[in-house]
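**Q** Could you look at this predicted model? Sequence included:
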Amino acid sequence: MGSRVGGIPEIVSHGKIGHLVNPSDSDDLSNALFAVLSERANAECMAKNAGRMVRANYTMEATGLRVEDIFKHLAAAGGRQPQG
């Protein structure tokens, strides 16, 4: 569960890995919490999806592979950073 602020919506896919609520909206938060508590199968599915997303994108190995890709890209560009 997260608020629709900053980069959170880029990570929390609403309805797939969690619920996004509007900031400072207690009714929205209450409804989302009720949905999680009353729809156990859906909550378990979102939790599994979230775990897969974290393992795919945010482990040390996944981060290392992204950094390696950046270095390879820079090396192929002769060390020059793209303009723009």
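**A** Nice, I can see it.
**Q** Closest to the centroid, which residue in this protein?
**A** Centroid-nearest residue in the chain, with CA atoms, centre = their mean: Ile11, separated by 2.0 Å.
**Q** Check what pLDDT that residue gets.
**A** We have a pLDDT of 91 for Ile11.
**Q** ok, residues contacting the helix or strand where Met46 lies?
**A** Secondary structure assignment for Met46, by DSSP states H and E: helix 40-57. By CB atoms under 8 Å, 6 or more residues apart in numbering, the residues outside helix 40-57 that reach it are Ser13, Gly15, Lys16, Ile17, Gly18, Ala35, Val36, Leu37, Ala62. Backbone N, C-alpha and C define where each C-beta goes, glycine included.
**Q** Can you redo these as CSV, where the extra columns are secondary structure?
**A** Putting those into CSV (DSSP: H, G, I helix; E, B strand; the rest coil) gives the following:
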residue, secondary structure
Ser13, coil
Gly15, coil
Lys16, coil
Ile17, coil
Gly18, strand
Ala35, helix
Val36, helix
Leu37, helix
Ala62, helix
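**Q** Top of these by number of neighbours, please.
**A** Gly18 (21 neighbours; other CB atoms under 10 Å).
**Q** thought it was touching Ser3?
**A** No - using CB atoms under 8 Å, Gly18 is not in contact with Ser3; the gap is 11.0 Å.
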